[in-house]
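Student: Build me a model from this:
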Amino acid sequence: MNRLFEIVAHEIGESLRMAISAIRMNKLRSILTLLGIAVGVFSIIGVMTSMGVLVNSIEGGMTVLGANTFQVQQFPSFQTGDPKEWAKVRNRKKITYEQALRVKEGATLASAVGIFCFSRNPAIVVSSDGKKTNPIVNISGRDIEGFMANNWEIENGRVFSQSEVDNGSMVAILGVDVVKKIFPKIDPINQVIKADGHKFKVIGVVKSRGKMLGMGDESFVVIPLSTFFKIYGRDNPFSIKVQAKNVNVFDDCIEQVRGILRTARHVDSWEEDDFSIWSNDSLITQFNEFTKYLRLGIIIVSAIALLAAGVGIMNIMLVSVTERTREIGIRKAVGARKSHILTQFVLEAVLLSEIGGLIGILLGIAGGNLIALTLDVSPIIPVEWVIIGFVSCSLVGIIFGVYPAMKAANLDPIESLRYE
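Tutor: Next up is the predicted model:
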C-alpha cells in the first residue's frame, strides 16, 4: 500500500513539475490564461467584498436601538418603494400623545418607555457667535425615559432634570455633528444656541454611535417633551421606544404593547395593526430580504464571468496541445502513459486557474475594501467567498482542462512525432 502511494505521489509530482515547466516556457500564453481567470474571480470576490462592507456598515448603522429594545411608530421603518405597500399604510392615523401615555402606563414588562416626536421641518442651528449648521438638523422632544430606552450615552454634560421637563425649560442636548459644526474648538456646555428661531441653553452632548454608509444621523437637537409642546404643539405624530426588562420577556413585551395600542386605537381583532413595530433584528431581516435578489443577481453575473474565463482556459489549452504535439509524441515514445499526459495537462489547467484565482482574490479584496476606506468603515475579508473562489478555480481548471488533456493523452505517438 505504501509502495503504491509512493508511485502515485511520484507520478503526480513529476506531472506537476512538467506543468510548471510548461507554464514558464510559455509565459505569454500563461499570462493570458491567468488574466482570464483572474478577471472572473476578481468580479466575484470584489463584488462580494463590496457587498459585505456595505451590509456590515448598514447593519451596524441599523443597530440603533439598545439591548431588548423596540420602537413603535406610525409607518414602517424600511420600505421597498412598492406602491401597493405604500397604499396599505399611507392612510394610517398618527400615534397620539394620549395613546403613547397608555403604553407607558400599561407596559408592565418594560423597564423604560420613552415618548418622542419630531418637528415637521429640519432647522438651522446658530451659535451665539453666528456659526450655522446646514439645514438638516432634526429637533425632537423627548422625555427622560426616552434616553434610557434609546440607549443614548451622554458624552459631555447631563440629561434633563425632572424639574426642567416639568417646567418646559429652554434647554437642549446636541448630537455630535451639531457640536462639530458650531462648537469645533470650545466646550458647548452652557453655550446658547438658536434652533428654529428659539434660544436654548446647551446642557449635554450625546456620544456618537458610529455611521452607516459613511453617514450618521447625529445632526439633532433634543429638547424636553414639554418644551416641544410649548413651541410646536401636540399635533405631530408620536413614536414610542420600549426597553423590555430582559431578553426573556422581550417577545411578550412586544405583544403586550401591541395589545395596549390596538385597544387604544380601536383596532378590531380581524384587522391588521395600523402601526409598525421594529427592532434591530427585524430591521436587519427586512434589509437582508430586500437585498436577497440583488445578491443573487450579482452571483449569477459573476458566475457567468467565471464561466467565460473557463472557456478561455479551454481554448488556450487546446492551442497548447496543438503547439506541443511533437513534445507529447516524444514523451510517449520514451514511455509516458496516457495517464501521465492526462495528469500533466489537467494539473497545468488547475495550476493556471489557482494562480489566476489567487491574483483575482487579492485584487478583489483590495478593490472591494476601497469602499470601506471611502465610507470610513472597517474593511473585511470574506473568508467564505475566498474559499468558494479557490474551490471554483479548481473546478474550472478540472472541468475545462479535462477535454484538452484527454485530446493530448489520446494523440497517436507516431503521428505526433511526424507533426511539424
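Student: Which neighbouring elements make contact with the longest helix seen in the chain?
Tutor: In the chain, taking DSSP state H as the definition, the longest helix is helix 280-323. Packing partners of helix 280-323 (3 or more Cβ pairs under 8 Å, 6 or more residues apart in numbering; DSSP states H and E): helix 27-62, helix 338-368, helix 383-409. Quick note: C-beta positions are derived from backbone N, CA and C, even for glycine.
Student: make it 6 Å
Tutor: Here helix 280-323 touches helix 27-62, helix 383-409, going by 3 or more Cβ pairs under 6 Å, 6 or more residues apart in numbering; DSSP states H and E.
Student: Out of those helices, which one sits most buried?
Tutor: helix 27-62 (a mean of 21; mean count of other Cβ atoms under 10 Å).
Student: and it, how far from the chain's centre?
Tutor: 15 Å (Cα atoms, centre = their mean, to the nearest Å).
Student: what lines up beside the next helix or strand after that helix in the sheet?
Tutor: Sequence-wise, the next helix or strand downstream of helix 27-62 (DSSP states H and E) is strand 69-73. Strand 69-73 has the following strand partners under DSSP bridges: strand 238-244 (antiparallel), strand 276-279 (antiparallel).
Student: Can you tell me which of those strands is most buried?
Tutor: Highest mean neighbour count among the strands paired with strand 69-73 (mean count of other Cβ under 10 Å): strand 238-244, a mean of 25.
Student: Around the residue nearest to Ile240 when sequence neighbours are not counted, count how many other residues there are.
Tutor: Nearest residue to Ile240, sequence neighbours excluded (Cβ to Cβ, 6 or more residues apart in numbering): Val72, at 4.3 Å. The tally of other residues near Val72 (other Cβ atoms under 10 Å) stands at 24.
Student: before we move on, what about Pro237?
Tutor: 16.
Student: sec struct for the nearest residue to it once chain neighbours are set aside, please.
Tutor: Excluding the flanking residues, the one nearest Pro237 by Cβ to Cβ, 6+ apart is Lys94, at 3.5 Å. Following DSSP: H, G, I helix; E, B strand; the rest coil, the label given to Lys94 is coil.
Student: Tell me if I'm right that Lys94 and Phe238 touch.
Tutor: No. Between Lys94 and Phe238 there is no contact under Cβ atoms under 6 Å: 7.2 Å.
Student: The longest helix of the chain to helix 383-409, inter-axis angle?
Tutor: 20 degrees (axes from the mean of the first three to the mean of the last three Cα atoms, to 10 degrees).
Student: can you give me how far helix 280-323 is from the chain middle?
Tutor: Counting by Cα atoms, centre = their mean, helix 280-323 comes out at 19 Å from the chain centroid.
Student: repeat for stretch 158-176
Tutor: Worked out by Cα atoms, centre = their mean, stretch 158-176 lies 36 Å from the chain centre.
Student: what do you get for stretch 373-389?
Tutor: Between the centre of stretch 373-389 and the centre of its host chain there is 10 Å, according to Cα atoms, centre = their mean.
Student: what's the answer for stretch 106-116, then?
Tutor: 31 Å.
Student: So what touches that stretch?
Tutor: With contact meaning Cβ atoms under 6 Å, 6 or more residues apart in numbering, stretch 106-116 is reached by 100, 104, 140, 142-143, 145-146, 148-149, 238-245, 249, 252-253, 256-257, 260.
Student: now do stretch 364-372
Tutor: Here stretch 364-372 has contacts from 42, 45-46, 49-50, 53, 379, 381, using Cβ under 6 Å, 6+ apart.
Student: cool, stretch 153-173 as well?
Tutor: Contacts for stretch 153-173 (Cβ under 6 Å, 6+ apart): 144, 147, 189, 200-205, 207, 221-224, 226-227, 230.
Student: List only buried entries from these.
Tutor: Among the contacts of stretch 153-173, those classed as buried by 16 or more other Cβ atoms under 10 Å are 144, 147, 200, 202-205, 221-224, 226-227.
Student: Need the max-distance pair from those residues.
Tutor: By the measure Cβ to Cβ, Val205 and Ser226 form the most distant pair in the buried ones among the contacts of stretch 153-173, at 21.4 Å.
Student: Now do the helices in the stretch 101-250 of the chain.
Tutor: In the stretch 101-250 of the chain, the helices defined using DSSP state H, counting those that start in this stretch lie at 144-149, 162-167, 176-182, 225-232, 250-264.
Student: Can you tell me which of these has the worst average pLDDT?
Tutor: Among the helices of the stretch 101-250 of the chain, helix 144-149 has the lowest mean pLDDT, at a mean of 80.
Student: okay, that one in PDB with CA atoms only?
Tutor: In PDB, the C-alpha atoms belonging to helix 144-149 read as follows (Å, rounded to 0.1, in the frame of the first residue of the first chain):
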ATOM      1  CA  ILE A 144     -36.200  61.300  30.400                       C
ATOM      2  CA  GLU A 145     -37.000  57.600  29.900                       C
ATOM      3  CA  GLY A 146     -36.500  58.200  26.100                       C
ATOM      4  CA  PHE A 147     -32.800  58.500  26.700                       C
ATOM      5  CA  MET A 148     -32.700  55.200  28.600                       C
ATOM      6  CA  ALA A 149     -34.800  53.400  26.100                       C
END
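Student: Give the other helices and strands that it contacts.
Tutor: strand 110-118.
Student: Tell me how far the strand it packs on lies from the chain's centre.
Tutor: 29 Å.
Student: Run me through the strand neighbours of that strand, direction for each.
Tutor: Sheet pairing for strand 110-118, using DSSP bridges, gives strand 138-142 (antiparallel), strand 238-244 (antiparallel).
Student: Same list (those) but as TSV, adding mean pLDDT.
Tutor: Below are these laid out as TSV (pLDDT from 0 to 100):
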stretch	mean pLDDT
strand 138-142	89
strand 238-244	88
